[in-house]
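> 3D, please:
(one chain, ligands or ions: 2)
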Amino acid sequence: MSSLLAFEEALTAIEQAASVRVKTETLPLTKSLGRILANNIVAPINVPPQANSAMDGYAIAYQDWQDGKAFTVSQRIAAGQAPTPLQTGTCARIFTGAILPAGADTIIMQENAQIEAEQVCFHPSPQQSDNVRPSGQDMKQGQTIAFAGQKLSAMQIGLLASLGITQITVFTPLKVGILTTGDELIPAGSSLKSGQIYNSNGPMLAALVSEAGHKVTCSLHAADTPEATEQALQQLIKECDVILSSGGVSVGEEDHVKGVLEKLGTLHLWKIAIKPGKPLVHASLEGIPFLGLPGNPSSTLVTFHWFARLLLSVCAGAQATRPEAYKIKAGFNRHRAIQRDEFLRVTIRQGKAHPHAQQSSGALLAACESQGYLHIRAQELVKEDQEYDFYPFHSF
Ligand SMILES: Nc1nc2c(c(=O)[nH]1)N[C@H]1C(S)=C(S)[C@@H](COP(=O)(O)OP(=O)(O)OC[C@H]3O[C@@H](n4cnc5c(N)ncnc54)[C@H](O)[C@@H]3O)O[C@H]1N2
Ligand code: MOO
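Ligands and ions are numbered 1, 2, ... in the order given. This is a model prediction of the structure:
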């Protein structure tokens, strides 16, 4: 066990060895959802560009206001119109989003206005600057409002549009190659013969890669021979920026991935003190980062979530953020500690984490029936009502 690399050390080593593997391209803003910003963005204008009204009502100069005073309405300003300066002692009828006339500094909402003949009185008394949205309230010209490495969200697309930005420079999508290995595996769609199972990691990995915003450009399957594994890897090296594989990384005679990696490239690390996912392998092949995930489907899932997601983020030019932990009380006791960091698939009930009854790394339904991982560190016992780190699946 002592030869296993600690979880945090492995995460740091994989992150530090990674570098950006993509180029940049300029796209229409409207086509950039989910893409990764290549540069910081500085606001070219104030938003809003001019002070405007937050309410339908009346604009006054606060210094003209007196309790009970009747104001003459000297102009009407709708959104989109250019006002004239406010005549001293008068008010302007104004609508939400309309520009404040020069000289006005306060808006009184129409619900507080009493109209008598051509004049308006206001009650209760306003505060200076009420209902005024000053120029630059949202963003100030020169302010950095988005950062290289951020994945563009719908709200950021709105934000950039409010600055009048139409084109955006982003990183090209990361081209990810997937290799599944194993003689027992056949694709869904054919009927199973004795000894066979369906290949679930291939479709799951492709979906995880897409969900993380990257592009699967090549997905291959290799039989359990060094020749087939080498041939598939040679093809992926030609076509992809990063390669992920599943299976064939443990110690058996049928596990060929690690051996082929040693022949074709440089092995950086193998075997991590985590459960599930122990035989993870990290290597590079002609400069291309490679992560070999263990084949048990829950091991594939856990190692993708923690390690592949991080590696792909860095390679894609994205900010390498770790998922945020929430402290959750355990709803159970465990008196036996293990020597690996464990990621139990758990459900939260009445504010406490309860492990799924099926924690086998070969079982995937248990993950689908759970809400996230409870992180139990190596050597740690679990005591009911003590707090542990919980990572909801949606934060990966
Ligand atoms: N003697 C030892 N045996 C094993 C050890 C060990 O330390 N000593 N480690 C175990 C652990 S932990 C894991 S995890 C697995 C990982 O093995 P591999 O990554 O080499 O994976 P395979 O042997 O190829 O497959 C394991 C398991 O997963 C199934 N599998 C593989 N690929 C897929 C796929 N694409 N879709 C669905 N299921 C897949 C495969 O049929 C096996 O049942 O090794 C342990 N053994
Ligand atoms: O690491 Mo394995 O994934 O424990 O089954």
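
> what sits against Ile107?
By CB atoms under 8 Å, 6 or more residues apart in numbering, Ile107 lies in contact with 53-55, 57-60, 94, 100, 130-132. The way it works is simple: take the backbone N, C-alpha and C, and place the C-beta from them, glycine included.

> which of those fall within strands?
With strands defined by DSSP state E, the entries of the contacts of Ile107 inside them are 53, 57-60, 94, 132.

> closest to Ile157 among those residues?
For the ones in strands among the contacts of Ile107, the residue nearest Ile157 by CB to CB is Ser53; the value is 26.5 Å.

> before we move on, back to that, among the ones in strands among the contacts of Ile107, which are in reach of ligand 1?
Judged by CB under 6 Å from any ligand atom, the overlap between these and the neighbourhood of ligand 1 is nil.

> can you add pLDDT and neighbour count and give the residues you listed back as a markdown table?
What follows is the ones in strands among the contacts of Ile107, written out as a markdown table (pLDDT from 0 to 100; neighbours: other CB atoms under 10 Å):
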| residue | pLDDT | neighbour count |
| --- | --- | --- |
| Ser53 | 98 | 24 |
| Gly57 | 98 | 26 |
| Tyr58 | 98 | 26 |
| Ala59 | 98 | 27 |
| Ile60 | 98 | 27 |
| Ile94 | 98 | 31 |
| Val132 | 98 | 19 |
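
> how about JSON lines for these, with distance to Leu244 added?
Conversion of the ones in strands among the contacts of Ile107 to JSON lines gives the following (distance: CB to CB, whole Å):
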{"residue": "Ser53", "distance to Leu244": "55"}
{"residue": "Gly57", "distance to Leu244": "59"}
{"residue": "Tyr58", "distance to Leu244": "63"}
{"residue": "Ala59", "distance to Leu244": "61"}
{"residue": "Ile60", "distance to Leu244": "65"}
{"residue": "Ile94", "distance to Leu244": "59"}
{"residue": "Val132", "distance to Leu244": "54"}
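
> most widely separated two among those residues?
The widest separation within these (CB to CB) is 12.3 Å, between Tyr58 and Val132.

> ok, the residue nearest the centre of the chain - contacts?
With distances taken as CA atoms, centre = their mean, the residue of the chain nearest its centroid is Lys151 (6.8 Å). Contact criterion CB under 8 Å, 6+ apart gives 34-37, 213, 318 as the residues in contact with Lys151.

> longest helix in this structure, by number of residues?
Using DSSP state H, we find that the single longest helix of the chain is helix 226-239.

> which stretches of the stretch 201-350 of the chain form helices?
With helices called from DSSP state H, counting those that start in this stretch, the stretch 201-350 of the chain shows them at 201-211, 226-239, 257-264, 297-303, 309-315.

> and the longest one, what's buried?
By neighbour count, and taking 16 or more other CB atoms under 10 Å as the criterion, the buried residues in helix 226-239 are 228-230, 232-233, 236-237.

> not counting its neighbours along the chain, what's nearest Gly265?
Leu285 (3.7 Å; CB to CB, 6 or more residues apart in numbering).

> what is the burial count for the one you found?
Here the count is done by other CB atoms under 10 Å, and Leu285 has 18 residues near it.

> then the one 3 residues further on?
Burial of Ile288, expressed as a neighbour count using other CB under 10 Å, amounts to 19.

> ok, Lys329 next?
Neighbour count of Lys329, defined by other CB under 10 Å: 16.

> identify the residues contacting it.
In this structure, Lys329 makes contact with 351-353, 384-388, judged by CB under 8 Å, 6+ apart.

> which residues does Ile178 form beta bridges with?
With beta bridges defined as DSSP bridges, Ile178 has these partners: Ser219, Leu244.

> and it, how far from Cys240?
According to CB to CB, to the nearest Å, Ile178 and Cys240 sit 9 Å apart.
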